[in-house]
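Participant: coords below, sequence missing:
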């Protein structure tokens, strides 16, 4: 060879045993890496119906597997290692024991899988867990049933997202999108164009809770076996959100929780989350039912809970809780609103600590009933002030307890309770309590009110008050009523009776108070708003002979005292005989009428 030429040297042939070994390695590699599925034909024959997955089939990321109108049935595992894929079928089924998998790892996110079909059954498992959790979107133009498990959770990062849409949707299995202790819970959305039935569990917990949204165009039922939770899982974490909206009746028998988690002096406590329930009517009548957005100690703020019955009744027998049990906590807010009647047979808890009790607002276009044994509690502990309780309806009947007491420590204040109705009744056994300084109980009976139960406020600085439109609408105190301090009557021309408008009066609102200690059950008579010299009311009275004496002057000293007025009221109520003060009986019929009481009040104000 010439200079610069390179001679090619041929490798000697491999020994027979080495050649065989290399061939075996290559074969093992091929066997260990099966071809990925990209189209429906990679999963089953074009004529196969159902298209059935047995063993394990792995899909190329980004693929769209469309089997047309056929059934796609997973008995084995249909796997996506990463990325996204779409599955289309006439009927889609994850059979019991089958698995739809898009699972990540502790450091890789779960996949995204979209399923579109005419009907869906998920009886096996869908696993899209990872870091963070993946996304599963199932849309059925017909029914959607979940009896198995759907997981898109993460133990290290945020939970994933699951969206389920169908005509009638039934979930008796589980959906889990929880997040890690330092991250957020995921999101669950269930949408039914027909009815929705939930009997399983929906979990969106996390360091801070995630969200669960249930929407149904028809009726929706959360059965007693169901559990929906978006509570916090880390120290001082806050609860998430739960929303349920039904175009038809909404029945809540299972537990809904969006609780904050307790912390410490450095981190504080987590706040309660929010729960919003809306339906044509709402029934939560299982006594053991819990709807809770409780705050963590020591200083978390209770959550927000809202129930709206658009056109029908709202009936509650379980426990609704947006309290803050920590020593420095603050109660949250609870709102109930109904086009029909509201019946409370359980408990509403909205109490707090040093930052005070929360606020309860209950409104109905018809009747509000607080049954015997039912409780609405907005009390505080420590130095906290009591919260507020406001009931407004055409008729309000209280046979249970409304409590807005302040704490037991110096510096606390009483809360405020206000009841407004055309017909207002505090029944025997009914109790309103706003104890501690400056607390008040206010009754506004637009047509009529009666008290047979108990009113309690601070004797020195508290207030029990009844506001009414005018003569003929003054409250009635029944035998057995207990009122401390004594009731203050406020005739207020700004209050419009439901049954019709009284003749307007030109004078300002007039207030009369029975001095504490005179009697628990005495009711001061209505105060006239006219300013005629003889004390007659501004309304045109029925003509009666002018009495030759001073009406209401029991002692004959030429004046009418508060003590005289109390005697007159007790005669009118039948608690004393007319002989105790004949000066009230103008027409000599042996009774004391409202018009006679009004004349006496005029004499007390203007003199005889």
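Facilitator: Cool, got the structure. Remember, it's a predicted structure, so these values are computed and weren't measured experimentally.

Participant: I'd like to know how many residues surround the residue nearest to residue 400 when sequence neighbours are not counted.
Facilitator: Spatial nearest neighbour of residue 400, chain neighbours left out: residue 374 (3.6 Å); criterion: CB to CB, 6 or more residues apart in numbering. For glycine as for every other residue, the C-beta is placed from the backbone atoms N, C-alpha and C. By other CB atoms under 10 Å, 20 other residues sit near residue 374.

Participant: do you know how far residue 374 is from residue 398?
Facilitator: Separation of residue 374 from residue 398 (CB to CB, to the nearest Å): 9 Å.

Participant: go on, residue 349?
Facilitator: Taking CB to CB, one finds residue 349 at 17 Å from residue 398.

Participant: the more surrounded of the two?
Facilitator: Neighbours per residue, other CB under 10 Å: of residue 349 and residue 398, the larger number sits with residue 398, 28 against 25.

Participant: give me the pLDDT for the more buried one.
Facilitator: On pLDDT, residue 398 comes in at 98.

Participant: how close does it get to residue 573?
Facilitator: Residue 398 sits 21 Å away from residue 573, going by CB to CB.

Participant: again with residue 312
Facilitator: From residue 312 to residue 573 the distance is 40 Å (CB to CB).

Participant: before we move on, what about residue 50?
Facilitator: Taken as CB to CB, the span from residue 50 to residue 573 is 82 Å.

Participant: what's the answer for residue 115, then?
Facilitator: 73 Å.

Participant: quick one, which of these two is more surrounded?
Facilitator: Neighbours were tallied for residue 115 and for residue 573 using other CB under 10 Å; the higher tally belongs to residue 115 (24 against 16).

Participant: buried residues, the helix or strand harbouring the more buried one. List them.
Facilitator: Assigned by DSSP states H and E, residue 115 belongs to strand 112-122. Buried residues in strand 112-122, counted by 16 or more other CB atoms under 10 Å: 112-117, 119-122.

Participant: check stretch 570-587 too.
Facilitator: 570-573, 576, 578, 581, 583-586.

Participant: which residues touch the strand holding residue 115?
Facilitator: 69, 72, 80, 83-95, 100, 102, 126, 128, 134-148, 150, 166, 173 (CB atoms under 8 Å, 6 or more residues apart in numbering).

Participant: try stretch 45-60
Facilitator: 34, 36-38, 40, 42-44, 65, 67, 70-81, 85, 89, 91, 93, 98.

Participant: go again with 7 Å.
Facilitator: Outside stretch 45-60, the residues that touch it by CB atoms under 7 Å, 6 or more residues apart in numbering are 34, 36-38, 40, 43-44, 65, 67, 70-81, 85.

Participant: and if you look at stretch 413-424?
Facilitator: 357, 378, 385-396, 402, 404-406, 432, 434-449, 457-458, 462, 498.

Participant: one step back: list buried residues within the contacts of strand 112-122.
Facilitator: 72, 80, 84-95, 100, 102, 126, 128, 134-138, 140, 143-148, 150, 166, 173.

Participant: what's the burial count for the closest residue to residue 240 other than its chain neighbours?
Facilitator: Distances taken as CB to CB, 6+ apart place residue 209 nearest to residue 240, at 2.7 Å, with adjacent residues excluded. Applying the criterion other CB under 10 Å, we find 36 residues in the vicinity of residue 209.

Participant: and residue 209, what is it in contact with?
Facilitator: Applying CB under 7 Å, 6+ apart to residue 209 gives the contacts 185, 230-232, 238-240, 258, 273.

Participant: from residue 270, how far out is it?
Facilitator: From residue 209 to residue 270 the distance is 9 Å (CB to CB).

Participant: can you list the weak-confidence ranges in the protein?
Facilitator: 1-35, 500-549 (pLDDT under 70).

Participant: do a quick rundown of the helices in it.
Facilitator: Remark: helices assigned in the chain by DSSP state H are 16-32, 562-573, 594-606.

Participant: helices or strands next to the last one in the packing?
Facilitator: Packing partners of helix 594-606 (3 or more CB pairs under 7 Å, 6 or more residues apart in numbering; DSSP states H and E): helix 562-573.

Participant: same question for the shortest one.
Facilitator: Contact analysis of helix 562-573 by 3+ CB pairs under 7 Å, 6+ apart lists helix 594-606 as its packing neighbours.

Participant: for the helix it packs on, the distance to its chain's centre please.
Facilitator: For helix 594-606, the separation from the chain centroid amounts to 49 Å (computed by CA atoms, centre = their mean, to the nearest Å).

Participant: just want the angle from it to helix 562-573.
Facilitator: Taking axes from the mean of the first three to the mean of the last three CA atoms, to 10 degrees, one finds that helix 594-606 is oriented at 180 degrees with respect to helix 562-573.

Participant: what comes up buried for helix 594-606?
Facilitator: In terms of neighbour count (16+ other CB under 10 Å), helix 594-606 has its buried residues at 595-604.

Participant: stretch 306-324 too?
Facilitator: The neighbour-count check on stretch 306-324 (16+ other CB under 10 Å) flags 306-310, 312-324 as buried.

Participant: could you do stretch 174-191 as well?
Facilitator: Buried-residue list, stretch 174-191, by 16+ other CB under 10 Å: 174-181, 183-191.

Participant: same deal with stretch 399-418?
Facilitator: Within stretch 399-418, the residues scored as buried using 16+ other CB under 10 Å are 399-407, 412-418.

Participant: same check, this time on stretch 461-471
Facilitator: The neighbour-count check on stretch 461-471 (16+ other CB under 10 Å) flags 462-471 as buried.

Participant: quick one, strands of the stretch 351-500 of the chain?
Facilitator: 359-364, 367-370, 375-377, 388-398, 401-403, 416-426, 431-434, 440-451, 454-457, 463-468, 476-477, 482-484, 487-491 (DSSP state E, counting those that start in this stretch).
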